[in-house]
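In: Predicted model follows, preceded by the sequence.
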Amino acid sequence: MTRVTHRYGLIGYPLGHSFSGRYFADKFEKEGLSHCRYELFPLPDIEQFHDLLKQYPDLRGLNVTIPWKEAVLRFAEAGEDSVSELGAANTLVVLPERVLAFNTDVFGFEHSLLRWLEGEGVADMGSLEALVLGTGGAAKAVVFVLRKLGIGCKLVSRSPRKGDLTYEELSPDLMARHRLIVNTTPVGMAPHNDRLPAVPVESFGESHLVYDLIYNPEKTRLLQEAEKRGARVKNGLEMLFLQAERSWEIWACFHPLR
């Protein structure tokens, strides 16, 4: 049996269904990397991070998901400017004396969004206004990309202290002005497929573009309700593939595999 020398994994809590585990297991097998392994490390408390590093001295890299994309920066230093600007990371490189943080959500969302909008015939990004549902680490990456592309955006939160708007303020007029809706919350993720962010779905129409970062189920209830009313919809699966590949490129830069 080949000895594992390069261990990777995903931290977050809870960790039920994981795209990353299957994705990297398939990648290792396809590329003949039997000395690599990817595991799930559910951390109910981010303070357990140091213990995880001690327990697995062969850890080379980690992906980070809800709810630790921001809190993990207490244990890592920024490996790129976007991490410092966002205050959030989803990819870590584990080195002997330090941990470096990167944000591949930015890369994945930007490339996925551009492909989709261009395919939908949106040539002028500046003509769009967006509503971003949620205010966590993923929302920060989304806002970073939207502003970079010249798309005006507002954050929507349940708390008036966290966002620019609350869900109660989403009037039909406001919904009509914001054609692009991006859901960064976990509302509607399996196994809670019946749940729906508190958006007035009756305000959706043919001019709307609705992007849900959730990929399981393939079409969340938000996307189903939007599509019923003529909106064009997209889930987060392509973004996930793109950010996973980018994570792999970053890890391989610091830890050559062959």
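Out: Done, it's in.
In: Which strands or helices does the helix ranked longest in the chain pack on?
Out: Criterion DSSP state H: the longest helix present in the chain is helix 237-254. If contacts are counted by 3 or more Cβ pairs under 8 Å, 6 or more residues apart in numbering; DSSP states H and E, helix 237-254 sits against helix 19-30, strand 59-64, strand 91-94, strand 99-102, helix 104-119. For every residue, glycine as well, the C-beta is placed using N, CA and C.
In: can you state the direction angle for it and strand 59-64?
Out: Using axes from the mean of the first three to the mean of the last three Cα atoms, to 10 degrees, one finds that helix 237-254 and strand 59-64 are set 150 degrees apart in direction.
In: buried residues in helix 237-254?
Out: By neighbour count with 16 or more other Cβ atoms under 10 Å, helix 237-254 contains the buried residues 238, 239, 240, 242, 243, 244, 246, 247, 248, 250, 251.
In: Quick check: pLDDT value at the third one.
Out: According to the predicted model, the pLDDT of residue 240 comes to 92.
In: quick one: it from residue 220, how far?
Out: In this structure, residue 240 and residue 220 are separated by 14 Å, where distance is defined by Cβ to Cβ, to the nearest Å.
In: got it, and the last one?
Out: Spatial separation of residue 251 from residue 220 under the definition Cβ to Cβ is 30 Å.
In: what does the fourth one give?
Out: Computed as Cβ to Cβ, the residue 242 to residue 220 distance reads 20 Å.
In: Now the closest residue to residue 165 other than its chain neighbours: phi and psi?
Out: If the residues on either side of it in the chain are set aside, residue 165 comes closest to residue 156, at 4.9 Å by Cβ to Cβ, 6 or more residues apart in numbering. In this entry, residue 156 is assigned phi and psi values of phi -120, psi 130 (degrees, to the nearest 10).
In: Parallel or antiparallel, which strands does the helix or strand hosting residue 181 pair with?
Out: Secondary structure from DSSP states H and E places residue 181 in strand 180-183. Taking DSSP bridges as the criterion, strand 180-183 pairs within the sheet with strand 129-133 (parallel), strand 209-212 (parallel).
In: Show me the chain divided up by domain.
Out: Listed by automatic domain parsing, the domain ranges of the chain are 6-104+240-254, 106-238.
In: since we're on the nearest residue to residue 72 once chain neighbours are set aside, how many residues are nearby?
Out: For residue 72, ignoring the flanking residues on the chain, the nearest one in space by Cβ to Cβ, 6+ apart is residue 64 at 5.2 Å. Using other Cβ atoms under 10 Å, residue 64 is surrounded by 28 other residues.
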